[in-house]
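[1] Attaching a predicted model along with its sequence, questions to come.
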Amino acid sequence: MVNPYIDGFARGLKPDPYLFIDEWADRFRKLPKGASAEAGQYRTDRMPYLRPLMRALSPQSKFQQIKAIKGTQLGFSEAGLNAAMYYMDIVPTSQLTILPTESLTKGHSTKKLTPSLRDMPHLANKIKPGKTKDDIGELFDKTYDGGSLKLAWSFSPANFRSLSCRFVSMDDVDGFPLNIEGEGSPLDLGKKRTDAFGVLRKIYINSTPTKEGESNIEEEFADSDQRHYYMPCPSCTPREIELQTRENMVLFEKDNFVFDYDKETYTLLGDVQFCCPHCGTLTPESKKTWMMSAASGARDIPHNEGHIHFGIRVPSYYSPVGFLSWNDIFREMLSAKKLMKTGDNRKMKTWVNTRDAKVWEEQSTSVNVDNLPARKEEYGAEVPEGVLVLSAGVDTQDDRFEVETVGYGKDGETWSIDYEIINGDPNTPEARAALAAYLNKTFVCHDGATMKIYAKGVDTGGHRQKAVYAFCKPRFVQRVYALKGSSTVNAPFINKRASKNKKTGTNLFLIGVNVGKDEIYANLEITEEGPNYMHFPNKPAYSDEYFKQLTAEKRDKKTGIWTKKRHRNEAVDCRNYANASLQLAGIDEQVLNMGRRFGIVSAGTSTGVMKKSQGRRTLSRGSR
C-alpha cells in the first residue's frame, strides 16, 4: 500500500509540467452556456493578447507578479479563471481569488466558476463535494487533492488574512478600498499571502482603471514592464516577422481612429476605421483579426523593458470581431461627448476608464456655489410634475435634527422639495416626536394627489447614537433606516446587508458617503434640465446658506476624500442620506424609469397648485 504522505511528498518534488496555461485552456477549458458569449471550447486565438499573459501566469515563467490594466469585453477575468483551474488540475496548490465585494464574489462562484467546472467533469470530480453530492465544493471554497481555492472579498480582509497561497488572483482591484481602517490595503494583504512560496508564487492583478491618483491598477501597471500589444499595418509593415519592430508596427489607440459624425446630434455617420500613424492608410475593422494574430507578427512589446513584473495595457479596441465593435465604442464616446455639453462628465469618465483603459483626470475638486441660487425655480406645487417618489435624509446634531425631503424622477433627475430644522436635543422624546411627525407628513402633487415620504434615513453618528437607534428600530417596517457613514474612501454607496446593534437590536446600514458625494457633486455640475439635473425650489429654506452647506466640501486630490472647507455641511449630508435611503428601499434609477409613482396616499381632485411657501421652518422641541 502506498503511503499517501510519501506519495504526496514525491509528487511535490517533481518538476512542474511543460504545459502552459494557454495550452491547457485550448485543450481542456469549456465555456459554459449562459455565462459566456461563445459557449464551448475555449480558444486563445480569439483573444491573442491573452496568450503572453497566460504564459507569464504559468509556473514555467520567471514572473511572480502579472498585472493588466484593461478595457471591458477583453477576457482578462476568464484568463484568471483559466489559471485558477490550471492550478487545480495540472499543478494542484493553494489558491486565493479576491474580488471587490461579497456579492461579486458570490456571483463569480455561482455564475462563472461552478458552471465552468460542471462542464469539465474530469476537473469537477477532483473537487470535494459540498453539502450535497451534486455540489461542486462549497460556495467560497473548492478543496481538492494538493490544495484548495478560497474565494474572498476585499472589504473583509479578515477572511483571508491567515491564508498562505502559491497563487493569488485579485480581480477588478480598482473596486478595492485603498485602505481599510485597522487592516491596511487589501491589495497589499493579498500579495503577502504568497510570501511563503518565494520564487514559486504567482500574483495576478487586473482591473479597469478609475480616477487619476486613486487607481490601484494605475499604480500597479507603473510598477511593471508596461507592455502593449503591437500589430502589423496591413499596408506598410513588412510581412516578414523578423523585420517587424516597434517602430514600424501599430497600436490600437483612440487618436488613431477616424470617423464622421453629425455635429448637432452627435450621431455616427458611416463606419469607424483605423488610420495607420505611419502611412495614413484607412483599415476597416474586418481586418482586425488578421492584424491581431500572432501568425501575422502581433506581439506584446514592453515599454519598460527589464522590469521584474509583467504588465500589459489593452483597451477595448482590441475586443475580437463579433464582441464589442469599433462603431459601438465610438457611438458611446459621442453620446458621452454630447452629455458633456450639459456639464455631465460621468459618461465620458466611464468611457475613458472602461473603453480607453485610462485613468480619468478630474478637472475640478470642488463645486462653485455662486451660480446655484440663480437656479431656483417656481414649482407650481409642493411636488412638481416629474417626481415619482419622495425620500428624506436626516442629519443628527447635538441640539437638533435637520431634514431634507427630495423628489426623484426618471434618469436621475431630482427636485429638492423641503428643508426643515427641528430644534431640540435628540435625546428628548419631544424632539424625536417632532421628527416622527415631519416624516409622516404628506405633500401635494401637481395633479392634486397627495404623496408621503417613501424612504427615510437618519444619521447615527455623533453623540446621539442611542437616541437615533431608539427612534429607528420600531420604524424599520416604515422604511426608516439607521445610517452610518463608512470611513473607507471608496466603500460601496449602499450595503443592503445590515449589521445588528448588539444592545438595541437596531438594523444599522453602512453607506459609502464619499462615493455618494462624488455623485452629488457631479450632478451639481450639470447645467441643463434633464438626466441627473438637480432642481431647487424658490423657497426661503433654500437660501445662500443652504447652497454654501451643499458645496461645503472639496475633494483631496491625493486621498480622494471629500473634506470640509467650512464648518457647516448639513445640507450635503442630508442629500446623501436621502439618496441612500431610497436605494435601501429598493427604488433605483431602473425602477424609476418605469414611470410608476410611489407613496401616493390619495388621488385628490384639486389642481395641486402650491400654496404660499412656508420657507425653512424651525420648530423648537425639548431642551437644548
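    Yep, that arrived.

[2] Tell me how far the residue sitting nearest the centre point of the chain lies from G71.
    Centroid-nearest residue in the chain: G175, 5.7 Å away (criterion: Cα atoms, centre = their mean). Counting by Cβ to Cβ, to the nearest Å, the separation of G175 from G71 is 16 Å. In this view, the C-beta of every residue, glycine as well, is placed from N, C-alpha and C.

[3] what's the answer for D459, then?
    Computed as Cβ to Cβ, the D459 to G71 distance reads 39 Å.

[4] residues contacting the residue lying closest to the residue nearest to the centre of the chain once chain neighbours are set aside?
    The shortest distance from G175 to any non-neighbouring residue, by Cβ to Cβ, 6 or more residues apart in numbering, is to P100 (3.2 Å). Shown in contact with P100 (Cβ atoms under 8 Å, 6 or more residues apart in numbering): W153, S154, F155, D172, V173, G175, F176.

[5] switch the cut-off to 10 Å
    P100 makes contact with 153-155, 170-177, 186, 207, 490, 492, according to Cβ atoms under 10 Å, 6 or more residues apart in numbering.

[6] Which one of those residues is nearest to Q64?
    Closest approach between the contacts of P100 and Q64, by Cβ to Cβ: M170, at 13.9 Å.

[7] show me where pLDDT drops low in the stretch 151-300 of the chain?
    181-182 (pLDDT under 70).

[8] now the helices: where do they sit in it?
    Secondary structure of the stretch 151-300 of the chain by DSSP state H, counting those that start in this stretch: the helices cover 186-192, 216-222, 288-292.

[9] In terms of secondary structure, what does the second one contact?
    When contacts are defined as 3 or more Cβ pairs under 10 Å, 6 or more residues apart in numbering; DSSP states H and E, helix 216-222 sits against strand 65-70, strand 167-171, helix 186-192, strand 202-207, strand 310-314.

[10] what about 7 Å?
    strand 65-70, strand 202-207 (3 or more Cβ pairs under 7 Å, 6 or more residues apart in numbering; DSSP states H and E).

[11] List the buried residues in it.
    By neighbour count on 16 or more other Cβ atoms under 10 Å, the buried set for helix 216-222 is N216, I217, E218, E220, F221.

[12] what's the spacing between the first one and T210?
    Here N216 is placed at a distance of 8 Å from T210 (Cβ to Cβ).

[13] just Y49 next, same as before
    Relative to T210, and taking Cβ to Cβ, Y49 is found at 22 Å.

[14] Looking at those two, which has the bigger crowd around it?
    Comparing Y49 with T210 by other Cβ atoms under 10 Å, the one with more neighbours is Y49, at 26 against 23.

[15] thinking again about what came up before, closest one to Y86 among the helices and strands packed on helix 216-222?
    Using Cβ to Cβ, the nearest of those to Y86 is strand 202-207, at 10.3 Å.

[16] Which elements pack onto that closest one?
    Using 3+ Cβ pairs under 7 Å, 6+ apart, strand 202-207 sits against strand 65-70, helix 76-89, strand 167-171, helix 216-222.

[17] one more time with 10 Å
    helix 50-57, strand 65-70, helix 76-89, strand 95-99, strand 167-171, helix 186-192, helix 216-222, strand 310-314.

[18] what would the ones you listed look like in a markdown table with distance to D344?
    Below are those laid out as a markdown table (distance: least, Cβ to Cβ, whole Å):
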| stretch | distance to D344 |
| --- | --- |
| helix 50-57 | 35 |
| strand 65-70 | 25 |
| helix 76-89 | 29 |
| strand 95-99 | 29 |
| strand 167-171 | 29 |
| helix 186-192 | 31 |
| helix 216-222 | 24 |
| strand 310-314 | 27 |
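
[19] right, and those - which one's nearest W562?
    Proximity to W562 (Cβ to Cβ) singles out helix 216-222 among the helices and strands packed on strand 202-207, at 19.6 Å.
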